[in-house]
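make a model of this:
(chains A and B)
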Amino acid sequence: MISNDTALMAHLLRRAGFGASRDELERYLEMGYDGAVEALLNPSDPGNMPDDLIRRYHVEQSELRDLAGSAAYWMYRMISTSSPMEEKIALFYHSLFATGYAKLNQARCLLNQVDMFRRSGLESFEDLLLELSKDPAMILWLDNNENHGTAVNENYGRELLELFSMGIGNYTEDDVKECARAFTGWTLGNAEYMSIRAAKDSIWPYGRIAWHFEYRDEDHDDGEKTFLGETGRFNGEEIIAIIVKQESTARFLATRLFQFFAADEVTKAGEQVINEMMATYFSSGYQVRGMLRTLFHSDHFKSEDARFTRVKAPAEMVVGAIRMAGKYQNPVLGIEKVSNTMLYMGQGLLQPPSVEGWHEGLEWINSGALVERVNFAAKELSDVKSPGVRSIINRLESSSEGGVLDPADLADGCLDLLGPIQVSDETRSVLVNYAARNGDLDLNGHQPGDEAEQRVGNMLRLVAATKEYQLA
Amino acid sequence: MSTQTQSPSITLDYVKTIGIVNNGLNGRGFANPYDTAVDGDGRIYVLNRCDPARASAIRVGICTIDEEYLGEFGRGNGAGDGQFVWVVAMALAGDGRLFITDEYNHRVTIYNTSGAYLSHWGVPGSGDGELNGPAGIAIDSSGNVIVVDQHNARIQKFSADGKLIAIWGSFGSGEGQFNLPWGVAVDQHDNVYVCDWRNDRIQKFTNDGEFLAVFGESGHGEGQFQRPTSVAIDPEGFIYVADWGNERVQVLGPDGSFQLLLRGQATASKWAEDYFASNPEEKAERDVANLHPDLPAHLNTPYHISSQTEPFFWGPVSVSLDHQGRLYVAETNRHRFQVYQKR
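Model prediction:
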């Protein structure tokens, strides 16, 4: 019988992380739920694969010139981190503040942006918007390098309001214009040279040159502006200070956080949680960490109704399966092919489809993507030589009576150790019947890759193909 | 910008930069160079590690100090004869044989300088003479071949025809121990210097593996290292170290005392000038750009500074010397090497 504590902790770790192996789950259970929430929301040393090792073996991840190596570099981080919330919050903002490689041709700076999400993503939303506005990848992505005191480009100012904070319908066209004026002069160093290199995808003569923020006072429109009812000679900082005071901003952020961490669909009970998150937003001085703490402690989030109500994004699917299998813990040839797999599932890291990011939830699932998802997870989880699957086999053996599992034990044990995953009675019957074809499983004296172990691998493969495994 | 770097006992003058990104599968330019070697005729051999997108063309390129590109050789990506996967380093023997390590195939592949494949040594393993991730390689005055056996944390010395002569080292941080060692070189007296990569130090041994000295420690200061990858010793005993993690080169005296450091001062190669001649609009913007920018605090690391400061070394993975006192510093991430002249 799976305890509610275990199921709840697994739920938390699917949302605030990438799921958990049983070893990892037990470490969090020792902390208790409150302690686990705090550990996740206050990341310490992520203990991820060190950069020196990655750079030594992967020249493409040292230079980070091309997309494939750069996406793989982030993959390593997600696979090996012991602070998964850092990566989840980075993924959240990577879709919310979607910035893509195709226009920039500068992956190092996209990864610098991801670093910024890790560094500031759980802190004050005001500070985060300020960093976002100074992020060179965002500046070039939304043309703020073309936003001059004498010739305003509204692109960033518009998206800041529409897609990054308040949402459409909560400001006027005049507000957009005034907002854009306030961000004139916010550009990147060597903007003219870097923009021509980006436009030409120039890697010559000596590879990419990374970017940094530059403020050009002489290019800034210092005149009086009226924005959301307030008037002054606003610069970007003052505009952001006004934006974050708005209730619409609180609702926008709370809703997006809820949909990413709690449920694809917002129910009435979900609305109540969003209201509580908005209250925390204001009472905490716009702290994202506080909003997520409110969410994770809400009765709604902790209820059984909230479990398995989100379709796993491809990043969650791929990274979760690899972490469960315990693979790719050291630099290996071919890691970029794994990150490419995510692209085939509809989520290419560093290449969101547009400034709107990915459309999540059920839109992750189409027939092609589903086949990719099932095939990938089934392949990883049926690899009985991988450390994570070996651990599952050993746990099954030690929890059985005399090393022998009947078909129900095998099916239930695999469902438990891969989650626990709650499946329908019908799905469970299919799994048990499949196991029964070969009778009881005797794991006594099992050896790596032998027939007994392969039976476990086959059951894990089948669990990976269930509908429930596609959900977080 | 100064073109001269000096201490009371050694002066290095910047000479030039050679290289350009080669985004294709052959021809002029380099693709993630990992090592250089110079023969008696002044021909410069450049080992191109290549990223996965260009792995099918892993190769040795050849050019001159006058930036004439002479051609390349190699048999592509794989485990077949003469093929490579993850090449690391080269050593040129007096008889014209070029020894190339491959840390993925666990072997040493031998070509001649005309580009003909000759043979390869090594089988994967940890037994005597077996290799696990061979990295640095050097040849002593007797023609013996010294190989850094990276994952076995040891040095193996072979005769010119591949017979095992000596083994020393084990995993650890004590004297004579290694943690993922990389580069190796010999001096005029055939002493052996090893880049003990993850221990951030250089260890010096006799030719038979007796420990003599250790130079450096972890850090960013003078005489300190972050993951040294390559070492070379000139006839006067000065020790040149590719201080890779600090994105710089340091020169130590024969006693290991700090002498000077180079951060890099690359200029446009002839090939780069050719590129700009064809792309004047890009050149015009480059001419007014600041290639030595001040960076915000969160980017204040050697890696990030180098990623934004094109004249600086970025990924200075190898130091090599020729017989005319020139120092060649290969930069993986910039697809070029910088040349310095010792006075």
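
tell me which element the residue of the stretch 151-300 of chain B found nearest chain A falls in.
Nearest residue of the stretch 151-300 of chain B to chain A: residue B:272, at 3.4 Å (C-beta to the nearest C-beta). No exception for glycine: its C-beta is placed from N, CA and C like everyone else's. Using DSSP states H and E, residue B:272 maps to helix B:270-278.

so in chain A, where's the weakest helix or strand by average pLDDT?
The helix or strand of chain A with the poorest confidence is helix A:335-344; it has a mean of 92 (mean pLDDT, DSSP states H and E).

picking up where we left off before, list the buried residues of the helix holding residue B:272.
Neighbour-count burial for helix B:270-278, counted by 16 or more other C-beta atoms under 10 Å in any protein chain shown, picks out B:270, B:271, B:272, B:274, B:275, B:276.

packing partners of it?
strand B:11-19, helix B:280-287 (3 or more C-beta pairs under 8 Å, 6 or more residues apart in numbering or on different chains; DSSP states H and E).

compare these and report which one is nearest to residue B:32.
Closest approach to residue B:32 among the helices and strands packed on helix B:270-278 is made by strand B:11-19 (11.1 Å; C-beta to C-beta).

out of the helices and strands packed on helix B:270-278, flag the one nearest residue B:189.
Among the helices and strands packed on helix B:270-278, the nearest to residue B:189 by C-beta to C-beta is strand B:11-19 (23.1 Å).

average pLDDT for stretch A:439-454?
On average, the pLDDT along stretch A:439-454 is 96.

what about it, start to end distance?
Stretch A:439-454 has an end-to-end distance of 14 Å (C-alpha to C-alpha, to the nearest Å).

buried residues, it. List them.
Buried residues in stretch A:439-454, counted by 16+ other C-beta under 10 Å: A:441, A:443, A:446, A:452, A:453.

which residues does it contact?
The contact list for stretch A:439-454 (C-beta atoms under 8 Å, 6 or more residues apart in numbering or on different chains) reads A:384-385, A:390, A:393, A:396-397, A:400, A:402-407, A:409-410, A:435, A:455-456.

mark which of those are part of helices, please.
Applying DSSP state H to those, the entries found in helices are A:390, A:393, A:396, A:397, A:407, A:409, A:410, A:435, A:455, A:456.

of those residues, which are in range of chain B?
Filtering the ones in helices among the contacts of stretch A:439-454 for neighbours of chain B using C-beta under 8 Å from any C-beta of the partner chain leaves an empty set.

so which of these comes closest to residue B:194?
residue A:390 (36.0 Å).

so that closest one makes contact with residue A:384?
Yes: the criterion here is C-beta atoms under 8 Å, and residue A:390 meets it with residue A:384 at 7.0 Å.

tell me which of the two has more neighbours.
Comparing residue A:390 with residue A:384 by other C-beta atoms under 10 Å in any protein chain shown, the one with more neighbours is residue A:384, at 22 against 18.

settle this for me: the more buried one is touching residue A:458, isn't it.
No: in this structure residue A:384 lies outside contact range of residue A:458 using C-beta under 8 Å: 9.4 Å.

quick check, central residue of chain A?
A centroid search over chain A (C-alpha atoms, centre = their mean) returns residue A:91, at 2.9 Å, as the residue closest to the centre.

quick one: contacts for whichever residue of the stretch 251-400 of chain A sits closest to chain B?
For the stretch 251-400 of chain A, the nearest residue to chain B under the criterion C-beta to the nearest C-beta is residue A:336, separated by 5.8 Å. Taking C-beta under 8 Å, 6+ apart, we find residue A:336 in contact with A:60, A:68, A:69, A:71, A:72, B:52.

send the alpha carbons of stretch A:199-216 over as PDB?
Output of stretch A:199-216 as PDB, limited to C-alpha atoms (Å, rounded to 0.1, in the frame of the first residue of the first chain):
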ATOM      1  CA  ALA A 199      21.500  39.000 -38.900                       C
ATOM      2  CA  LYS A 200      24.200  37.300 -41.100                       C
ATOM      3  CA  ASP A 201      24.800  34.400 -38.700                       C
ATOM      4  CA  SER A 202      28.400  35.400 -38.900                       C
ATOM      5  CA  ILE A 203      30.900  33.200 -37.100                       C
ATOM      6  CA  TRP A 204      33.900  34.900 -38.700                       C
ATOM      7  CA  PRO A 205      36.700  35.300 -38.200                       C
ATOM      8  CA  TYR A 206      37.000  33.700 -34.800                       C
ATOM      9  CA  GLY A 207      33.600  32.300 -33.700                       C
ATOM     10  CA  ARG A 208      30.800  34.100 -31.800                       C
ATOM     11  CA  ILE A 209      31.400  37.100 -29.500                       C
ATOM     12  CA  ALA A 210      29.000  37.000 -26.500                       C
ATOM     13  CA  TRP A 211      26.900  40.000 -25.500                       C
ATOM     14  CA  HIS A 212      26.400  42.200 -22.500                       C
ATOM     15  CA  PHE A 213      24.000  45.100 -21.600                       C
ATOM     16  CA  GLU A 214      24.800  48.700 -22.300                       C
ATOM     17  CA  TYR A 215      22.800  51.800 -21.400                       C
ATOM     18  CA  ARG A 216      23.300  54.700 -23.800                       C
END
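
check whether that stretch contacts chain B.
Yes: judged by C-beta under 8 Å from any C-beta, stretch A:199-216 comes into contact with chain B through A:200, A:202-213.

do you know the pLDDT at the residue of chain B most remote from its centre?
The centre of chain B is farthest from one residue, residue B:281, which by C-alpha atoms, centre = their mean lies 34.7 Å away. Turning to residue B:281, the model gives it a pLDDT of 97.

for residue B:161, same thing?
You'll see residue B:161 listed with a pLDDT of 89.

which bits of chain A sit near chain B?
A:51-52, A:55-57, A:59-60, A:62-63, A:65-66, A:68-69, A:108, A:112, A:115-116, A:119, A:189-190, A:192-193, A:196-197, A:200, A:202-213, A:333, A:336.

just the buried ones from those residues?
The buried subset of the residues of chain A next to chain B - by 16+ other C-beta under 10 Å - is A:51-52, A:55-57, A:59-60, A:62-63, A:65-66, A:68-69, A:108, A:112, A:115-116, A:189-190, A:193, A:196-197, A:202-213, A:336.

need the three-state assignment for residue A:281.
Put simply, residue A:281 is helix when judged by DSSP: H, G, I helix; E, B strand; the rest coil.

tally of neighbours for it?
Around residue A:281 there are 24 residues (other C-beta under 10 Å).

nearest residue to it other than its sequence neighbours?
Distances taken as C-beta to C-beta, 6 or more residues apart in numbering or on different chains place residue A:250 nearest to residue A:281, at 4.5 Å, with adjacent residues excluded.

can you verify that neighbour is assigned to a helix?
Yes: judged by three-state DSSP, residue A:250 forms part of a helix.

residues in contact with it?
Residues counted as contacts of residue A:250 (C-beta under 8 Å, 6+ apart) are A:278, A:281, A:282.

wait, doesn't the residue nearest to the centre of chain A sit right on residue A:315?
Yes: counting by C-beta under 8 Å, residue A:315 is a contact partner of residue A:91 at 5.7 Å.

ok, back up a step: please report the distance of the residue nearest to residue A:281 from residue A:356.
Distance from residue A:250 to residue A:356, counting by C-beta to C-beta, to the nearest Å: 21 Å.

how about residue B:90?
Plainly put, residue B:90 is 50 Å away from residue A:356 if you go by C-beta to C-beta.

who has more neighbours out of the two?
residue B:90 (24 against 13).

now the more buried one: how far from chain A?
To chain A, residue B:90 is 16 Å away according to C-beta to the nearest C-beta, to the nearest Å.

shouldn't that residue be within a helix?
No: read with three-state DSSP, residue B:90 is strand and lies in no helix.

neighbours of residue A:329, how many?
The number of residues packed near residue A:329 is 13, by other C-beta under 10 Å.

got it, and the one 5 residues further on?
When neighbours are counted by other C-beta under 10 Å, residue A:334 registers 10.

and for the one 3 residues further on?
One way to gauge burial is a neighbour count; for residue A:337, by other C-beta under 10 Å, it gives 11.

kindly report the residues of the stretch 151-300 of chain B close to chain A.
Residues of the stretch 151-300 of chain B lying close to chain A (C-beta under 8 Å from any C-beta) are B:180, B:182, B:197-198, B:226-227, B:245, B:266, B:268-269, B:271-272, B:275-276, B:279, B:281-282, B:285-286, B:288-291, B:293, B:295-296, B:298-299.
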